[in-house]
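> Provided below for reference: sequence and predicted model.
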Amino acid sequence: MGYAQLVIGPAGSGKSTYCSSLYRHCETVRRTMHIVNLDPAAENFDYPVAMDIRELISLEDVMEELGLGPNGGLIYCMEHLEDNLDDWLAEELDNYLDDDYLVFDCPGQIELFTHVPVLRNFVDHLKSRNFNVCAVYLLDSQVCIRFRTLPPCIVCFCCTLTVVQRAYSFLFHMN
Ligand SMILES: Nc1nc2c(ncn2[C@@H]2O[C@H](COP(=O)(O)OP(=O)(O)OP(=O)(O)O)[C@@H](O)[C@H]2O)c(=O)[nH]1
């Protein structure tokens with residue numbers, strides 16, 4: 001059995017920072033883990049990238065070639081990933097052993113949880129490959145103490161539950 005952690009949460013909530021800190025911590029305690037970039041728009045990484053969705057498709061290419069904007073382009077990229085779960089993702093996952101630990105740094109756009117089933121199907125795919133999946137939902141603590149920003153955050157959180165419920169366990173983390 002493999003182990004997978006999906007790092008999700010609104011844009012700018014600290015997902016990549018969390019992944020980088022987790023990687024450094026594992027290095028210190030001499031444990032091996034692999035971080036996967038699932039954001040087709042990400043460019044700079046503070047951690048070694050084990051698998052990268054941009055090897056399959058990048059937002060920059062989609063925007064240039066199809067004339068889509070950033071949000072439509074992101075949805076297109078993620079739907080392309082969904083179409084390639086049994087090809088690209090399956091081949092990439094073959095490189096990892098049974099007890100490997102993968103951490104997926106996900107994009108933050110809420111549309112990926114409300115409009116398309118790609119992340120739900122992604123979790124289902126991991127589970128079908130015998131991965132024990134959990135999700136970590138990150139939220140900036142500052143938005144929780146402001147009356148105007150808290151309700152939208154609760155809505156985002158509820159929307160992401162559709163994905164999270166497919167995972168075996170779930171952690172809530174405030175930055
Ligand atoms: N003060 C503080 N800043 C943080 C913390 N975590 C992240 N940041 C900062 O917040 C900004 C956004 O962090 P990222 O890790 O890029 O957030 P993200 O969720 O990956 O962002 P997207 O990929 O754009 O969705 C960066 O400038 C970080 O340095 C934290 O715990 N405290």
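That came in fine, so what should we check first?
> CA only for contacts and neighbour counts going forward, please
OK.
> hang on, isn't Ile75 packed against Leu112?
Yes - with contacts counted by C-alpha atoms under 8 Å, Ile75 reaches Leu112, the gap being 6.8 Å.
> These two - which one has more neighbours?
Leu112 (22 against 19; other C-alpha atoms under 10 Å).
> What strands line up against the strand ranked longest in the chain, and which way round?
Longest strand in the chain, counting residues (DSSP state E): strand 131-139. Strand pairing for strand 131-139, determined by DSSP bridges: strand 2-8 (parallel), strand 169-174 (parallel).
> What are the buried residues along it?
Residues of strand 131-139 classed as buried by neighbour count (16 or more other C-alpha atoms under 10 Å): 131-139.
> What is the nearest of those residues to the ligand?
The ligand lies nearest to Leu138 out of the buried residues of strand 131-139, by C-alpha to the nearest ligand atom, at 7.7 Å.
> Please name the bridge partners of the closest one.
His173.
> can you give me the strands for the chain?
Under DSSP E, the chain gives strands at 2-8, 34-37, 49-52, 101-105, 131-139, 169-174.
> and the angle from the fifth one to strand 101-105?
Strand 131-139 and strand 101-105 meet at an angle of 40 degrees, taking axes from the mean of the first three to the mean of the last three C-alpha atoms, to 10 degrees as the criterion.
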